[in-house]
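Asker: quick one, what's the 3D model for this:
(one chain, ligands or ions: 1)
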Amino acid sequence: MRLPVDPTTTMNSGSSNFLLVPIQEYPVLDCVPNKNVKIVVLGASNVGKTALIVRFLTKRFIGDYEANTGALYSRKINLDGEQVSLQVQDTPCVSLQDDAEGLYCQEQINRSIYWADGYVLVFSITDDSSYRTIQPLYQHVRRIHPAGNIPVILVGNKSDLLRARQVPADEGETLAASLGGAYFEVSARENHEGVHAAFLHLCGEVSRALGGGNGEKRRGLHLARPKSPNMQELKRRFRQVLSSKGKSSTTPL
Ligand SMILES: Nc1nc2c(ncn2[C@@H]2O[C@H](COP(=O)(O)OP(=O)(O)OP(=O)(O)O)[C@@H](O)[C@H]2O)c(=O)[nH]1
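Answerer: Got it, this is the predicted structure:
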């Protein structure tokens, strides 16, 4: 979905500007580098990824969304009394392979996963198959970030459609706990507060994991580099991820 955006507050203003090139380490915003929180929203088709982002950033729900190819939104938010630059990456959907063992995940999504510091994994409580996508999706994130803490939340969207529920709330909670994150059951359609609380929780987790701004920005939470960034290692890993995720636009994993 394309959100009407203010070009002065966004890096990219259209879905055509998805991460076609490696994203710069720091955005064009006049932010403090150590206060840059980057999160990506991932999930199956039609679960409400775009609706959630729109709700969070604008407080609005717009019923009709184009199938998105991914857009990056930047905002300043207040986190624990401090101004933080937030970037939110919307993504195209992922889907399970026929054998349900692997995941169809476009290369551009892999880039987003590599780029991000925090992860919103979304399913719809009315769609069991979207729920079954979450575990392989998390494992996929893990393959790209094989070690260390991964700030993540699990969001069960469309809680307004209780009669169509296919995924019990306790299953969502159990899964979230197994991933090491919090579970939020929300309705992008009906409620801003729940969505806001979920995103803010993740932003807080990311901010804390990055060191709260009192030290060097730790790009890649899994990388042990206490003093200075090892750019060679980062580049090597980035190239590794790109080459191992195939050369076509849709890559079975
Ligand atoms: N009832 C209800 N419908 C919702 C909710 N959130 C999103 N929708 C609807 O679900 C549909 C899909 O929403 P999107 O935000 O486009 O979902 P998406 O995950 O970005 O979809 P893809 O572009 O396929 O990846 C739209 O028709 C939305 O209006 C919700 O909380 N409740």
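Asker: who in this protein is up against the ligand?
Answerer: For the chain, the contact set with the ligand under Cβ under 6 Å from any ligand atom comprises 1, 43, 45-51, 63, 65, 67-68, 92-93, 157-158, 160-161, 187-189. For glycine as for every other residue, the C-beta is placed from the backbone atoms N, C-alpha and C.
Asker: longest single helix anywhere in the protein?
Answerer: Secondary structure of the chain per DSSP state H: the longest helix is helix 192-209.
Asker: mind listing residues that contact that one?
Answerer: When contacts are defined by Cβ atoms under 8 Å, 6 or more residues apart in numbering, helix 192-209 is touched by residues 35, 37-39, 52, 55-56, 59, 77, 79-80, 84, 86, 88, 117-120, 149, 151-153, 155, 159, 182, 184-188, 213, 218, 221.
Asker: list only those of those flagged as buried.
Answerer: Neighbour counting over the contacts of helix 192-209 (16 or more other Cβ atoms under 10 Å) leaves 35, 37-39, 52, 55-56, 77, 79, 84, 86, 88, 117-120, 151-153, 155, 159, 182, 184-188, 213, 218, 221 as the buried ones.
Asker: return the subset of the residues you listed lying in helices.
Answerer: Residues of these located in helices (DSSP H): 52, 55, 56.
Asker: let me know the closest of the residues you listed to the ligand.
Answerer: The shortest distance between the ligand and any of these, using Cβ to the nearest ligand atom, involves residue 52 and amounts to 6.9 Å.
Asker: please name the residues that touch the closest one.
Answerer: Residue 52 sits next to 41, 120, 122, 155, 157, 186, 188, 195, 198, 199 when contact means Cβ under 8 Å, 6+ apart.
Asker: go again using 7 Å as the cut-off
Answerer: If a contact means Cβ atoms under 7 Å, 6 or more residues apart in numbering, then residue 52 has 41, 122, 155, 157, 188, 195 as its contacts.
Asker: can you check residue 151 too?
Answerer: 117, 118, 119, 202, 205, 206, 209.
Asker: any idea how far it lies from the ligand?
Answerer: With distances defined as Cβ to the nearest ligand atom, to the nearest Å, the gap from residue 151 to the ligand amounts to 21 Å.
Asker: report the residue spans of this structure with pLDDT below the cut-off.
Answerer: The chain contains residues with pLDDT under 70 at 1-34, 65-69, 97-102, 212-253.
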